[in-house]
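1. here is a sequence together with a model predicted from it:
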Amino acid sequence: MQIFVKSIIGIILIPFVLGLLISFWKLITSLLPLSSSEIWFLSGFAIFFVIFLVKPLPNKLYIFGHELTHAFWAILFRARVKEFNVRSKTGNVLITKSNFLISLAPYFFPIYTFLIIFIFYILVFFFDVSKYIEWLFFFVGISYSFHIFLNFESLSIGQSDVKKTGKLFSYIVIVILNIIIAVVVLKFISPEKITLKKYFFESWTVALIIYKFVWKYLTELYNLI
């Protein structure tokens, strides 16, 4: 019953997903011409993509990040981490409570990307790292590319986290939160070009148009019946 209700919620959220996607495409095209920070970010993103295509990657690095993300989000929701295990092909984290965000967190939250940014800004207190800011954008690009392509590969073969939460609902939530995180990352790379408030307002405006169209179509269909 729970999965059925979540599936209905997932269907209801589809116009919102479309609003986010359409506005995201407009946002991407508005970034041209690219700034220096965007070029460094995209270079890192592209380099990892090439590596991903031509060379097998260490599974343990992905699994560690996957389980670490579960643990991190569990702590955010005030759960306790009782066990944390990572092996060459599998891993698991034992927590005192869970919810759909904790279960799906590894598929939308690029933990290595945020770790890199966090470490960089910790170093700011001890060293003059301003001259290395381009390298920060470069490694953010690599780590974000790592998140996107390894999770795509992981989801393509099926995951118990997704099945447990309900496939339709899980994929809708993953898409929504990945788009939102992508916009936040781009805002970090290009703060002067992106306004979060404007992006989300445009997304909701597009979604509202789709909702109204669907409602009108369903009303007309109901009247015919």
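-> Cool, the structure landed. Residues are numbered from 1 along each chain as shown.
2. how close does I11 sit to D161?
-> 21 Å (C-beta to C-beta, to the nearest Å). From N, CA and C alone the C-beta is placed, and that goes for glycine too.
3. tell me which of those two has more neighbours.
-> Ranked by neighbour count (other C-beta atoms under 10 Å), I11 and D161 place D161 first, with 20 against 12.
4. ok, and what's touching the helix or strand containing that one?
-> Taking DSSP states H and E as the criterion, D161 maps to helix 160-165. For helix 160-165, contacts defined as C-beta atoms under 8 Å, 6 or more residues apart in numbering pick out I3, K6, F100, S103, L104, P106, Y107, L155, S170, Y171, V173, I174.
5. please pull out the lowest mean pLDDT helix or strand from this structure.
-> In the chain, the helix or strand scored least confidently by mean pLDDT, DSSP states H and E is helix 160-165, which has a mean of 85.
6. N92 belongs to a helix, doesn't it?
-> No. The assignment for N92 (DSSP: H, G, I helix; E, B strand; the rest coil) gives strand, which keeps it out of a helix.
7. any idea how far the closest residue to it other than its chain neighbours is from L94?
-> Among residues not flanking N92 along the chain, N85 sits closest, at 5.3 Å (C-beta to C-beta, 6 or more residues apart in numbering). According to C-beta to C-beta, N85 and L94 sit 8 Å apart.
8. now do Y121 against L94, distance only.
-> Y121 is 31 Å from L94, where distance means C-beta to C-beta.
9. same check, this time on S160
-> From S160 to L94 the distance is 15 Å (C-beta to C-beta).
10. so between those two, which is more surrounded?
-> Using other C-beta under 10 Å as the criterion, S160 and L94 rank with L94 on top: 13 against 8.
11. remind me which helix or strand the residue lying closest to that one once chain neighbours are set aside belongs to.
-> Of all residues not flanking L94 in the chain, E83 sits nearest, at 3.7 Å (C-beta to C-beta, 6+ apart). Using DSSP H and E, E83 sits within strand 81-86.
12. that strand packs against which elements?
-> Contacts defined by 3 or more C-beta pairs under 8 Å, 6 or more residues apart in numbering; DSSP states H and E place strand 81-86 against helix 59-76, strand 91-95.
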